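A.B. asks: Kindly return the folded structure for what I paste below:
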Amino acid sequence: MSIEIPQDIVEMNHEILSALKADEVDLSRKYTVEHHFSSSNFTLLEKLAVELFQAGFEIIDPDELEEDGVRFFCFDALKLCRISEETISGQQQKIFELLQKFHVSYDGWGVDTTVYEE
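C.D. replies: Prediction:
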């Protein structure tokens, strides 16, 4: 099943990739990509984490936060990979399929350029 990635996410991807290129990050190396998720429903977020783990992501930084009196939960899903538009879009295809199933918020992605594998 092919899910259309929202336009604001596509634009975010382009901005992040452009910034990495402008910073002369060597995209031929592998870096840890971090996808960020949150929800006020712990059970749904936990189910998403299990599915992402089974899809090969490492799950880190589970947390419970409160903002403006609203309690929510969050975690990051990490994957070591070479960064390209195709790689990120492929990961997001899987992510957005699961988001439709669990109704959890996707808070974007980032990359730690100091963590890489030769």
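A.B. asks: Only C-alpha atoms from now on, for both contacts and neighbour counts.
C.D. replies: Noted.
A.B. asks: Return the distance of Ser18 relative to Thr113.
C.D. replies: Between Ser18 and Thr113 the computed distance is 14 Å (CA to CA, to the nearest Å).
A.B. asks: give the contact list for Asp112.
C.D. replies: Tyr31, Thr32, Val33, Glu34 (CA atoms under 8 Å, 6 or more residues apart in numbering).
A.B. asks: so it is in which element?
C.D. replies: When elements are assigned from DSSP states H and E, Asp112 belongs to strand 105-117.
A.B. asks: and what of Phe96?
C.D. replies: Secondary structure from DSSP H and E places Phe96 in helix 85-102.
A.B. asks: list the helices and strands that helix packs on?
C.D. replies: Applying 3 or more CA pairs under 8 Å, 6 or more residues apart in numbering; DSSP states H and E, one finds that helix 85-102 contacts helix 7-22, helix 42-54.
A.B. asks: buried set for stretch 58-74?
C.D. replies: By 16 or more other CA atoms under 10 Å, the buried positions in stretch 58-74 come out as Glu58, Ile59, Pro62, Phe72, Phe73, Cys74.
A.B. asks: Could you measure from the last one over to Glu34?
C.D. replies: Put plainly, it is Cys74. 13 Å.
A.B. asks: Check the fifth one too.
C.D. replies: Distance check for Phe73 against Glu34: by CA to CA, it reads 16 Å.
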